[in-house]
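Trainee: Sequence and predicted structure are below.
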Amino acid sequence: MIINTSGSGKTRLLLELLATKWGLYFTTLADPANLRLGSTDIHDAIFKWIPKSKGFCEHPKGEFDNNHVQLEPVYRQNREIVTRFSHQILTARVIIFEWFLTTYCAVWQDKDKDPNKAKLHWLSLQLNSRGILGCDVFKDLAKILDDAGDSFIMMDSNKIHERLQGLSKRFKLDSSFFLVLDEAQIAAASLANAFESYRELGKTHPILNPLIKSWLAATSFPIIVSSTGLSINTINDTLSSAVGKPATFGKFTKIGAFDNQVSQENYIRRYTPPTLLDSESGKEFLTRAWNYARGRHRFTASLLTELLRTSFQAPHRTLDGVVTAISGYVPTDAQHSVDREGVVEGSPRAIVPLDFTKIMSNPEVLSDVSHALHSWLVLQIRVPFSDTKLELIELGFARFVSDSERSFIDEPLVLLAAARAFSESSFGLVSCICTLLLESQDRGDHFEELVAYSLACAFDGSSLCDIISFGEHVPEWAQQSAELVSVSMNEGGLVFDRFHLPNYEGSTTIIGAKHSTVDATLRWFQNTSSVLCFPDKLMGPDIVSFIRLHSGQVLALVIQCRFRRKMDKQTWESAVKSLDLSQLYVRQGLGTENINSARRTVIDLFKRLDVGSHFANDDWFQDKLPVLRVIASYP
């Protein structure tokens, strides 16, 4: 049983398997726009043929007042109807499979036969018979078999299995056989009251139960069930009930994702002209694709689909369109590259946006998501969810990463969509941080997080002196408007991009990164990976960030946070000392050489900020470095 979030690559994995092994592919999902591949035989059976069958009762308890004597024959009749249609569908598939093998062997002589090509042709026919033959041959034949006798549709136990084994021997098939049911969550949520549980008297099951049971009776070949959506628990209960032994179906969640930049780049290169990606703009595009589309398979696949649709004419604008379609945000990074490209005609197609309105009425789920969002954006820490939080998987927000026990909300596009949803909701991230501040014993750390989050929101065009108090004598430069910026490094120097969380327009930069060791902090100063840094406890400041004044001058902010009821003289002097640039990393136990090396790494970044002459001589700045030292205290 393959389970993970929507777009994680479950169907892709199944199709890759079916391209190398012989099998039957079924799906319960039918797309009216014909964007979905596969026959609609199972879908039509569930939603048309079975409900309209003579003798079928969709709500037995509603008609017979929970009378077991009257209900039992109704449930039995319902199961028999499902079994009948299940065998019609399987028989139709087997008949067409035999026809395919016969035709393939007749058309291609022995010397030209390639088993792998044959599997691909068979898979293509199952996925797109409408495009190849002009009709859904599997569905049409299954419906024609309405009038066939039970013996013809192989209702006898194991007849279908024996027929497939016979075909395997006759045509010397080179692999074992298996059956696939994709998008099983639809069957697990359909006709939910029509079938009685085999294990719990009085409990009902959806149609997935008798469907799987009929398949297990018809064949001994392996069955792979793939699911996402709104019914993971239902699928577990249903399959366990159907087979009588929960261990018969194992749960498999590790199906691969683009969690490695090299693997994503290799995938993109398979479909993209090398001349495009090897240019400076192309290299920047690959970096942006990683920053935005990493994670589940669908995000990168959707990007590639749009690149192909637009003939690679405007890759940066195409990427922006995909990001907006999925998350609701308009990217603002790499504007210089975007401006050089032409306008992309049409909007992205067949992209399903992430919709967080589904959880806005559920306080518990809101709390879970806000905690995860806060931890990742502010601290760059992934918060795992136990397998009891399946709703987040089912709704497409969280995903299983490595095992079936824990899930995470950690993909940039999901975080962007979540940030947007919370910025428009009365239930904001600040509520989560304040709750942690009031309820946790680590109030000092959570106060730092609140200050960091406030900084991410505060720089909205206001004057710097409206955000930071300068006392009685406000310097002229502090009356300029200021914006928070992220810093990235390239061979030519430093690159600054505006960052403002409530808009969060297109930046996938993490707000904060928390470091527990000196080495981790110094790595951040050598290659900044977030807007704010929470240094290790030995450095001195609690927060380091960067702002850009209206004049263009960039200043570093080093902030000491004090969550104290009263700031006495000793506390004040201690806070001031922690911001003294000459005292960075001056701590017992580090050693003079380590202290000097660590301090030099920090100061080197500050020196690269290109301070202007009128700032260099300002008394507010120590050692002529554009570093503004700030104390944030509460209450």
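Mentor: Looks like it arrived, so ask away.

Trainee: got a list of what Thr5 touches?
Mentor: Thr228, Arg296, Ile393, Glu394, Gly396, Phe397, Ala398, Arg399, Phe400, Ser407 (CB atoms under 8 Å, 6 or more residues apart in numbering). C-beta coordinates here come from the backbone N, C-alpha and C atoms, glycine included.

Trainee: Now with 10 Å, please.
Mentor: 228-229, 253, 257, 295-296, 298, 392-400, 407, 411, 414 (CB atoms under 10 Å, 6 or more residues apart in numbering).

Trainee: Of those, grab the buried ones for PyMOL.
Mentor: In PyMOL syntax, the buried subset of the contacts of Thr5 is picked out as below (16 or more other CB atoms under 10 Å):
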select buried, resi 228+229+253+257+295+296+298+392+393+394+395+396+397+398+399+400+407+411+414
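
Trainee: Among the contacts of Thr5, which are located in helices?
Mentor: Using DSSP state H to define helices, the subset of these located there is Arg298, Leu392, Ile393, Glu394, Val414.

Trainee: could you measure the first one against Arg288, distance?
Mentor: Computed with CB to CB, to the nearest Å, the distance linking Arg298 and Arg288 is 18 Å.

Trainee: coming back round to it: what would the ones in helices among the contacts of Thr5 look like in a markdown table with pLDDT and distance to Lys113?
Mentor: Formatted as a markdown table, the ones in helices among the contacts of Thr5 follow (pLDDT from 0 to 100; distance: CB to CB, whole Å):
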| residue | pLDDT | distance to Lys113 |
| --- | --- | --- |
| Arg298 | 91 | 36 |
| Leu392 | 82 | 48 |
| Ile393 | 82 | 43 |
| Glu394 | 80 | 44 |
| Val414 | 88 | 46 |
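
Trainee: Now that we have those residues, can you turn them into a markdown table and tack on distance to Pro535?
Mentor: Below are those laid out as a markdown table (distance: CB to CB, whole Å):
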| residue | distance to Pro535 |
| --- | --- |
| Arg298 | 37 |
| Leu392 | 32 |
| Ile393 | 35 |
| Glu394 | 39 |
| Val414 | 28 |
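
Trainee: and those residues, which two are the farthest apart?
Mentor: The span of the ones in helices among the contacts of Thr5, defined through CB to CB, is set by Arg298 and Leu392 at 16.8 Å.

Trainee: Output the below-cut-off pLDDT ranges for the stretch 151-300 of the chain.
Mentor: 197-202, 229-249 (pLDDT under 70).

Trainee: Do you have the strands of it handy? List them.
Mentor: Assigned by DSSP state E, counting those that start in this stretch, the stretch 151-300 of the chain shows strands spanning 177-182, 195-196, 204-205, 223-227.

Trainee: Show me how far the second one is from its chain's centre.
Mentor: Relative to its parent chain, strand 195-196 has a centroid offset of 35 Å by CA atoms, centre = their mean, to the nearest Å.

Trainee: Okay, domains of the chain per the record?
Mentor: Per automatic domain parsing, the domain ranges recorded for the chain read 2-248, 261-339, 371-439, 459-634.

Trainee: Need those in a markdown table (columns: distance to Gly346).
Mentor: Shown next, in a markdown table, are the domains of the chain (distance: least, CB to CB, whole Å):
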| stretch | distance to Gly346 |
| --- | --- |
| domain 2-248 | 15 |
| domain 261-339 | 8 |
| domain 371-439 | 21 |
| domain 459-634 | 21 |
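
Trainee: Compare those domains and give me the one nearest Glu345.
Mentor: domain 261-339 (7.7 Å).

Trainee: which of the residues in stretch 607-627 are buried?
Mentor: Leu609, Val611, Phe615, Phe621, Leu625, Pro626, Val627.

Trainee: what's near enough to touch Ile326?
Mentor: Per CB under 10 Å, 6+ apart, neighbours of Ile326: 7, 292-293, 298-299, 302-303, 348, 351-354, 413-414, 416-417.

Trainee: Check Ser129 too.
Mentor: So Ser129 contacts Gly38, Ser39, Ile96, Cys135, Asp136, Val137, Phe138, Lys139, Asp140 (CB under 10 Å, 6+ apart).

Trainee: I'd say the fifth one and Asp44 touch.
Mentor: Yes: taking CB atoms under 10 Å as the definition, Asp136 is a contact partner of Asp44 at 9.0 Å.

Trainee: what's the overlap in contacts for the two?
Mentor: By the contact definition CB under 10 Å, 6+ apart, Asp136 and Asp44 are jointly contacted by Ala30, Ala142, Lys143.
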